[in-house]
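Visitor: here is the input, now give the coordinates:
(one chain, ligands or ions: 2)
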Amino acid sequence: IEAQLGNGPLVGKRVLVTSGPTHEPIDPVRYIANRSSGAQGAAVARALSALGADVVFITGPADIPPPDGVSVVCVETAQQMSDAVDAALPVEVGVFAAAVADWRVSSASDKKLKKSRDGLPELEFAENPDILKRVAHMESGRPALVVGFAAETDNVIEHAMAKRTRKGCDWIVANDVSPATGIMGGSENAVILISDEGAEEWPRMGKDDVAKRLAVKIADALTEQ
Ligand code: CTP
Ligand code: CA
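Guide: Ligands and ions are numbered 1, 2, ... in the order given. Modelled structure (predicted):
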């Protein structure tokens, strides 16, 4: 409502959000992918938009529709997502919530692979571009605030802190996705926000509430600058 009145804290701010999985083709009918419903990324985009931001929402093939009121760019592969991010720059804030496939099949076939021709297919892999790391290290045109996500199954804080340093981003939103938590694919999330101030553990709450709290924190960080 604030934003509709034109006075939300993020009015006039351009932000980009990556979301969903990427699909990396093996052949025209098969692909490899990460597990991701796209729910958390969509919720973050919706929450930023509700605070008045101009949101470019760059999404892989997700289970759920994109939020209203954002500019949607649909992509399939990590390379396409990376190109779409470049096209969306410059932005004040980049939130990288996508579950990008780390590898693509460099030996992808443009014809459907057939069973039992020559035994099992031998797939060759190449590493995908690390979109977050690349943007976070930009010498010119880097967003003022770069936020990554980290889904971990063990030693969450330790891994996420190391990831923040390695990626060069300002914040990491870390969560424990080990099967026992039931978070993967669910409507709730329990996150730890890693910044230069350390680790801030948020209580378990709905993904929409995580998104709202993150959007408010982003707005606060921008106004503090
Ligand atoms: N990410 C990205 N591009 C990639 C891989 C990851 O932009 N090619 C972003 C994700 O969107 C997320 C963050 O980097 O914000 C962390 O992703 P994650 O898969 O946890 O990190 P990796 O460096 O790939 O480490 P891991 O070996 O744990 O998968
Ligand atoms: Ca990864």
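
Visitor: any regions of the chain where pLDDT drops low?
Guide: 1-6, 117 (pLDDT under 70).

Visitor: which bits of it sit near ligand 1?
Guide: 18, 78, 96, 98, 100, 102, 128-132, 148-151, 163 (Cβ under 6 Å from any ligand atom). Every residue, glycine included, has its C-beta placed from N, CA and C.

Visitor: buried only: go through these for me.
Guide: Buried subset of the residues of the chain next to ligand 1 (neighbour count, 16 or more other Cβ atoms under 10 Å): 18, 78, 96, 98, 100, 128, 130-132, 148-151, 163.

Visitor: and those residues, which is closest to G69?
Guide: Here the nearest of these to G69, counting by Cβ to Cβ, is T18; it sits at 17.7 Å.

Visitor: does that closest one count as helix, strand or coil?
Guide: At T18, secondary structure determined by DSSP: H, G, I helix; E, B strand; the rest coil is strand.

Visitor: by contact count, what packs against the longest strand that the chain contains?
Guide: Longest strand in the chain, counting residues (DSSP state E): strand 145-152. Packing partners of strand 145-152 (3 or more Cβ pairs under 8 Å, 6 or more residues apart in numbering; DSSP states H and E): strand 93-96, helix 131-136, helix 156-167, strand 171-176, helix 207-224.

Visitor: ramachandran coordinates for the residue nearest the centre of the chain?
Guide: By Cα atoms, centre = their mean, the chain has its centre lying nearest to A97, at 1.6 Å. When read as degrees, to the nearest 10, the backbone of A97 gives phi -100, psi 0.

Visitor: so what's it closest to, chain neighbours aside?
Guide: G41 (3.5 Å; Cβ to Cβ, 6 or more residues apart in numbering).

Visitor: repeat for W202
Guide: In this structure, W202 finds its nearest non-sequential neighbour in V191, 5.2 Å apart by Cβ to Cβ, 6+ apart.
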